[in-house]
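Trainee: Below is the structure, and that's it, no one-letter string:
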């Protein structure tokens, strides 16, 4: 009877979580990173996808899940399938946490209402959203891995092939499984051999898919010359952004006294986690240490532009995995168990306001200015008498998504319609206000497609504020999108006036 009541309570809390987050999901407008995934799987076949992913820097599992929806569904609202898939994964994750984890009720509540679980995982539809489900499934299977090695290996390779930052975590688990079965116990069961082969093949697949990313993707570059600066930037953002990330007002970081206290408290608690793991279980300490160190190394060495909350919580997932298993140890004293739960709960609870803030903002404001910009273009710019050009593909791709093929936006340097972003060297060529004037003049004179048509230039706020594009020479402003949560993904449209 007690188990039944617990199950029903967990279902009720899961439903409440599902309803609240779904309301935010249904209000959320797509931004560039979400649009990029959808446009890739919509346009490419499976073989083409695998060829392209080296440029993305992401393995294939999430793309393969979304691809059937993108192929079968059409229209500007079709991407809702990807949003619902990510949201559904989070709903199941929350149920697994409530039903099967050994955390206290306070700790479970703190985790579910933390920034990652309240907003950034369920609402932002990206591969990060399915990681909690896979990590929690691994946590459930971990004590039973020798009884169910095939299930364990299947979940592990799905995790490794979802995001590169989980690679070391998966590799350490694979190495420990290998050691326990074949070296420590010297047990050569067929199931163990097959499971190890599956895990090894899955890990090798990640390496094969992404081994050339740093030479293919102009943004992801190995940089060892600025390790100190990068390390300080990454580690500070790792704690600051979880507490209060990406302010809409030009991404300002505000540090009032309470905020500074919360961040310092987070740092102290984080160090406490590792000390506790080291004292109680060296194996779990190794899983957490190497899994999280690898993630930070990826950001420090290759990709430190912005440490999003989704990424921060991917590291937190590894800690949850370790504490999930540690708290199942019956030899732990009740005092230690209670103390650990309180510390974990406080750590996650400190991020609640960040998640709540973004829920409120997403209900009140557009996340990106892309939808509004696309609607303006459709209603006000004659398709047959104009061309629209941009030289910032990473920001423009969300507008391309909302246009849904009804209008094309041309890449200024490639001269081709944008469908999705290819992170090539051309992206580094940036036109200033005078550069755009010279570009339009040249295209009018030498390109037949431009000669007898109006030229419109789509400029994201990123360019207008960072690169000095404000009052464009020989252009007039025809549109400025309203303020959005991702402020730099607002847009301006300029019309070239020398016809």
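Mentor: Received the coordinates, thanks. Owing to the predicted nature of the structure, the values given are computational and were not obtained by experimental measurement.

Trainee: For the helix ranked longest in the chain, which helices and strands make contact with it?
Mentor: Ranked by number of residues, the top helix in the chain under DSSP state H is helix 2-27. The contact analysis (3 or more C-beta pairs under 8 Å, 6 or more residues apart in numbering; DSSP states H and E) places helix 2-27 against helix 80-100, helix 352-364. Yep, even glycine has a C-beta here, placed from its N, CA and C like the rest.

Trainee: State the next helix or strand along the chain beyond the host helix or strand of residue 108.
Mentor: Residue 108 is located in helix 105-112, with elements delineated by DSSP states H and E. Moving toward the C-terminus from helix 105-112, the next helix or strand (DSSP H and E) is helix 115.

Trainee: quick revisit: redo the helices and strands packed on helix 2-27 as JSON lines? Include distance to residue 121.
Mentor: JSON lines is the format used below for the helices and strands packed on helix 2-27 (distance: least, C-beta to C-beta, whole Å):
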{"stretch": "helix 80-100", "distance to residue 121": "5"}
{"stretch": "helix 352-364", "distance to residue 121": "10"}
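
Trainee: Take the ones you listed and lay them out in TSV including mean pLDDT.
Mentor: Conversion of the helices and strands packed on helix 2-27 to TSV gives the following (pLDDT from 0 to 100):
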stretch	mean pLDDT
helix 80-100	97
helix 352-364	91
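
Trainee: Okay, now the unreliable bits of the protein?
Mentor: Where the chain drops to pLDDT under 70, the residues are 1-2, 245-258, 462-471, 499.

Trainee: So it: which segments form each domain?
Mentor: 2-364, 370-496 (automatic domain parsing).

Trainee: Check which residues of the helix or strand where residue 47 lies are buried.
Mentor: For residue 47, the host element (DSSP H and E) is helix 46-56. By neighbour count on 16 or more other C-beta atoms under 10 Å, the buried set for helix 46-56 is 49, 50, 52, 53, 54, 55, 56.

Trainee: can you list contacts of the helix or strand just after it?
Mentor: Using DSSP H and E, the helix or strand that follows helix 46-56 in sequence is helix 61-72. Residues from elsewhere that reach helix 61-72, judged by C-beta atoms under 8 Å, 6 or more residues apart in numbering: 37-38, 40-42, 46, 49, 53, 78, 81-82, 85, 126-127, 130, 158, 161-163.

Trainee: chain center to the helix holding residue 108, what's the gap?
Mentor: 23 Å (C-alpha atoms, centre = their mean, to the nearest Å).

Trainee: which helices and strands does it pack with?
Mentor: Where contact means 3+ C-beta pairs under 8 Å, 6+ apart, helix 105-112 is packed against helix 80-100, helix 334-349.

Trainee: Out of the ones you listed, the one nearest residue 18 is which?
Mentor: helix 80-100 (4.5 Å; C-beta to C-beta).

Trainee: and the angle from that closest one to helix 2-27?
Mentor: Computed by axes from the mean of the first three to the mean of the last three C-alpha atoms, to 10 degrees, the angle separating helix 80-100 from helix 2-27 equals 160 degrees.

Trainee: was I right about residue 52 contacting residue 45?
Mentor: No. Contact criterion C-beta atoms under 8 Å: residue 52 and residue 45 do not qualify, at 10.3 Å.

Trainee: so residue 119 touches residue 27, yeah?
Mentor: No. In this structure, residue 119 is not within contact of residue 27 by C-beta under 8 Å, at 11.8 Å.

Trainee: between those two, who's got more neighbours?
Mentor: Applying other C-beta atoms under 10 Å to residue 119 and residue 27 shows that residue 119 carries more neighbours, namely 26 against 15.

Trainee: just the strands in the protein please.
Mentor: With DSSP state E, the ranges of strands along the chain come out as 386-390, 409-411, 454-460, 475-480, 491-496.

Trainee: Compare those strands and give me the one nearest residue 375.
Mentor: strand 475-480 (10.2 Å).

Trainee: Outside of the closest one itself, list whatever touches it.
Mentor: Among residues not part of strand 475-480, those counted as contacts by C-beta under 8 Å, 6+ apart are 373, 376, 380, 433, 436-437, 440, 456-457, 490-497.

Trainee: repeat that for 6 Å
Mentor: Residues outside strand 475-480 that contact it (C-beta atoms under 6 Å, 6 or more residues apart in numbering) are 376, 492, 493, 494, 495, 496, 497.

Trainee: now stretch 340-351
Mentor: 104, 106, 107, 110, 111, 114, 115, 242, 262, 266, 269.

Trainee: Give the buried residues for that stretch.
Mentor: Result for stretch 340-351 [16+ other C-beta under 10 Å]: buried residues 340, 341, 343, 344, 345, 346, 347, 348, 349, 350, 351.

Trainee: can you give me how far it is from the chain middle?
Mentor: Per C-alpha atoms, centre = their mean, the centroid offset for stretch 340-351 relative to its chain is 23 Å.

Trainee: can you check stretch 233-247 too?
Mentor: Per C-alpha atoms, centre = their mean, the centroid offset for stretch 233-247 relative to its chain is 15 Å.

Trainee: Save the buried residues of stretch 340-351 as TSV, and put in distance to residue 211 too.
Mentor: Below are the buried residues of stretch 340-351 laid out as TSV (distance: C-beta to C-beta, whole Å):
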residue	distance to residue 211
340	39
341	42
343	39
344	37
345	41
346	41
347	36
348	36
349	40
350	38
351	35
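
Trainee: out of the residues you listed, which one sits closest to residue 310?
Mentor: Looking across these and measuring by C-beta to C-beta, the closest to residue 310 is residue 351, at 12.4 Å.

Trainee: Next one: that closest one from residue 92, what distance?
Mentor: 22 Å (C-beta to C-beta, to the nearest Å).

Trainee: again, but for residue 365
Mentor: 29 Å.

Trainee: ditto for residue 197
Mentor: Residue 197 is 28 Å from residue 92, by C-beta to C-beta.

Trainee: For burial, what's the neighbour tally of residue 360?
Mentor: Neighbour tally, residue 360, other C-beta under 10 Å: 12.

Trainee: Equivalent analysis for the one 5 residues further on, please.
Mentor: Counted with other C-beta under 10 Å, the neighbours of residue 365 add up to 16.

Trainee: Excluding residues flanking it in the chain, which one is nearest it?
Mentor: Excluding its sequence neighbours, the residue lying closest to residue 365 (C-beta to C-beta, 6 or more residues apart in numbering) is residue 485, at 5.6 Å.

Trainee: Distance-wise, check the one you found relative to residue 360.
Mentor: 10 Å.

Trainee: And for residue 88?
Mentor: 23 Å.

Trainee: what does residue 334 give?
Mentor: Counting by C-beta to C-beta, the gap from residue 334 to residue 360 is 39 Å.

Trainee: What of residue 180?
Mentor: Separation of residue 180 from residue 360 (C-beta to C-beta): 47 Å.

Trainee: Stretch 271-287: which residues count as buried?
Mentor: Across stretch 271-287, burial judged by 16+ other C-beta under 10 Å covers 273, 276, 277, 280, 281, 284, 285, 286, 287.

Trainee: what's the distance between that stretch and the middle of its chain?
Mentor: That offset, for stretch 271-287, works out to 27 Å (C-alpha atoms, centre = their mean).

Trainee: now for it, what's the gap between its first and last residues?
Mentor: Taking C-alpha to C-alpha, to the nearest Å, stretch 271-287 runs 15 Å from one end to the other.

Trainee: ok, residues contacting it?
Mentor: Residues from elsewhere that reach stretch 271-287 (C-beta under 6 Å, 6+ apart): 172, 288, 319, 322, 326.

Trainee: That's all I had, so thanks and see you.
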